[in-house]
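Asks: The sequence and its predicted three-dimensional model are supplied below.
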Amino acid sequence: MPAPESDLERALPSVVRGTVRTRPEEIEPFSHDASDLVGRPRAVVAPVDVDDVVALVRWARRARVPLVARGGGTSLDGESVPAEGAVVVDFSRWNAVLEVAADELWARVGPGIVNWDLQEALRPLGLFFPPNPGSWTTATIGGNIGTNASGPRSFRYGPTRAWVRAVEVVLGTGERTRLGARVAKRSVGPDLLQLLVGSEGTLGLVTEATVRLAPRPECREGLVVPLPADASLARIAGRLRAASGAGLSAVEYLDLACVRALREAGRAWWPDGAALLLLEIEGQSPEEIASRRDRVLERLRSAGASASPMVFDDADRLWTLRGESGAVLDDRIGVRIREDVAVPLGEIDALVRRLEEIGRRHDAPLYLFAHLGEGSLHPNYAVAPGGPEAERVRSELLRAALELGGTISAEHGIGRVKPPYLERELGAPAIALLAAVKRACDPDGILNPGKLYPATPSGS
């Protein structure tokens, strides 16, 4: 039985040396994240070091109190929303760059460092951390690891999973361990590190991460290309994916509804009346960029998109604008279904047609943006989540993605929203394996309960 609230308030200050907050006005900001979900934590603890984290986890096991890690609170499926009565573990001050090995292309960082701040710290060294989710100005590296976050540049560089060398983690058993290594190659059995990446804080609390870095390109350019109404997104994505030597690092898409929303909100001036393709080209000189741009535009012409592009010399500005799509839709249509699915490139057009049909059938306006080059689509429907109509919309769009050979989550994770749908994709044997891993790492089920797993694993 969980510890009574009064006992918890008395116990926590003797368990950790860090700050313990229990007043309602102090803990309210930790009751929600970027999703529409809300929880009610009993306390927020800001540990000062790993020993604090170990002591907290061991106490939570004895007291049967849930723990949920917290970074920037940018999760879209409720990954960082606390279970009722949980203690939130606030890592936001663990935001240091602890070590950079520039020659070996890795950095050791705290889990609370914001993605953007890490990029700025690496800039003078001519290096960068490639994953750049839309929330990169507030999302933390610990959160990126927890959800295997991606972003526009994942077209070339892949998701966070490809850029994590090692982590220090406190498991749900209270044991401190290291997974992975700083070396470039390693073969010592199954990769336990990869079990942790994308586990949404359900297996352990990350207290340090060693991430891979890449040399910063000398030149980067953003392009905004209007698309004809009859454009085949599948054909465009396929042609650009096959454009070897074009230096493409991002291939993004905004449908006409999103374009108009951004224009009307005053966030961006770009061509009206057409959906847009957003691209990033990398190179070592302006001349190389110009040559690669010509190659990309020729590919687009062969796919039926011949409009002249708008050029962004500051590619990061383009991705910041792209990242504001969510905030603009927050203002325009409020709470809504925000989904994250992916299909093979050849099935993109079929999925878009299915998404449009779902919107018409349920009288739910669709706003669509996408990491087009990877077949990763973010359908937003103007229907309030939580009710039966919303669940019908979500169920239909997730089923459409699976029937076209895709996935129910390309990068946002499972969180508290999608556990009922997970077995449809993975199947019962894989779910049983997940449950076994959960039991081994968190035998009492105290770490972020209610997330990822379709049901509480037996024995937890």
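Replies: In hand now; what should we look at? Here the structure is a predicted model, which is why all the values come from computation and not from measurement.
Asks: Next one: residue 6, what pLDDT does it get?
Replies: Predicted confidence (pLDDT) for residue 6: 56.
Asks: count of neighbours near residue 140?
Replies: As a burial measure, residue 140 scores 30 neighbours (other Cβ atoms under 10 Å). (C-beta placed from N, C-alpha, C; glycine too.)
Asks: That should have said residue 325, apologies.
Replies: Neighbours of residue 325 (other Cβ under 10 Å): 23.
Asks: all strands of the stretch 1-150 of the chain, in order?
Replies: 19-21, 43-46, 67-70, 87-90, 97-101, 106-109, 127-128 (DSSP state E, counting those that start in this stretch).
Asks: Tell me who's in contact with the most centrally placed residue in the chain.
Replies: Closest residue to the average C-alpha location of the chain: residue 149 at 3.2 Å, with Cα atoms, centre = their mean. Applying Cβ atoms under 8 Å, 6 or more residues apart in numbering to residue 149 gives the contacts 131, 133, 139, 143, 159-160, 411.
Asks: Distance to residue 284, neighbour count and pLDDT added to those residues, as TSV?
Replies: Shown next, in TSV, are these (distance: Cβ to Cβ, whole Å; neighbours: other Cβ atoms under 10 Å; pLDDT from 0 to 100):
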residue	distance to residue 284	neighbour count	pLDDT
131	22	28	93
133	26	26	88
139	29	26	94
143	33	32	95
159	25	23	95
160	26	28	96
411	29	24	91
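Asks: Which of those residues fall in helices?
Replies: residue 143 (DSSP state H).
Asks: ok, the contacts of residue 149 vs residue 19, which is closest?
Replies: Closest approach between the contacts of residue 149 and residue 19, by Cβ to Cβ: residue 143, at 20.3 Å.
Asks: pretty sure the closest one contacts residue 75?
Replies: Yes. Between residue 143 and residue 75 there is a contact at 6.9 Å, judged by Cβ atoms under 8 Å.
Asks: Below-threshold pLDDT in this protein: ranges please.
Replies: 1-9, 268, 455-460 (pLDDT under 70).
Asks: Nearest to residue 386, out of the strands of the stretch 1-150 of the chain?
Replies: So among the strands of the stretch 1-150 of the chain, strand 67-70 is nearest, using Cβ to Cβ, at 20.7 Å.
Asks: list the helices and strands the closest one packs on?
Replies: helix 50-63, strand 87-90, strand 204-212 (3 or more Cβ pairs under 8 Å, 6 or more residues apart in numbering; DSSP states H and E).
Asks: try it again with 7 Å
Replies: helix 50-63, strand 87-90 (3 or more Cβ pairs under 7 Å, 6 or more residues apart in numbering; DSSP states H and E).
Asks: mind listing what's buried in that strand?
Replies: 67-70 (16 or more other Cβ atoms under 10 Å).
Asks: picking that back up, pick the most buried one from the helices and strands packed on strand 67-70.
Replies: When you average the neighbours per residue for each of the helices and strands packed on strand 67-70 (mean count of other Cβ atoms under 10 Å), strand 87-90 leads with a mean of 26.
Asks: Alpha carbons of that strand, as CSV, please.
Replies: Written as CSV, here are the backbone C-alpha positions of strand 87-90 (Å, rounded to 0.1, in the frame of the first residue of the first chain):
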residue,chain,number,x,y,z
VAL,A,87,6.8,11.7,-7.1
VAL,A,88,8.2,13.6,-10.1
VAL,A,89,12.0,13.5,-10.4
ASP,A,90,13.0,16.8,-11.8
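Asks: Tell me how far it lies from the chain's centre.
Replies: Relative to its chain's centre, strand 87-90 lies at 20 Å (Cα atoms, centre = their mean, to the nearest Å).
Asks: The stretch 151-300 of the chain: strands as residue ranges?
Replies: Going by DSSP E, counting those that start in this stretch, the stretch 151-300 of the chain shows strands at 164-171, 176-180, 204-212, 214-215, 219-226, 248-254, 276-283.
Asks: Strand partners (parallel or antiparallel) of the first one?
Replies: Listed by DSSP bridges, the sheet partners of strand 164-171 and their directions read strand 176-180 (antiparallel), strand 204-212 (antiparallel).
Asks: of the buried residues of strand 67-70, closest to residue 190?
Replies: The nearest one, if we look at the buried residues of strand 67-70 relative to residue 190 and count by Cβ to Cβ, is residue 69, at 24.1 Å.
Asks: That closest one and residue 223: what is the separation?
Replies: As defined by Cβ to Cβ, to the nearest Å, residue 69 lies at a distance of 38 Å from residue 223.
Asks: ok, now residue 178?
Replies: 42 Å.
Asks: Give me the more crowded residue out of those two.
Replies: Counted by other Cβ under 10 Å, residue 178 and residue 223 do not tie: residue 223 has more neighbours, with 22 against 13.
Asks: what does stretch 278-295 contact?
Replies: Stretch 278-295 is contacted from outside by 152, 217-225, 243, 245-252, 254, 296, 315, 318, 322, using Cβ atoms under 7 Å, 6 or more residues apart in numbering.
Asks: 8 Å instead, please
Replies: With Cβ under 8 Å, 6+ apart as the criterion, stretch 278-295 contacts 152-153, 156, 217-225, 240, 243, 245-254, 296, 309, 315, 318-319, 322.
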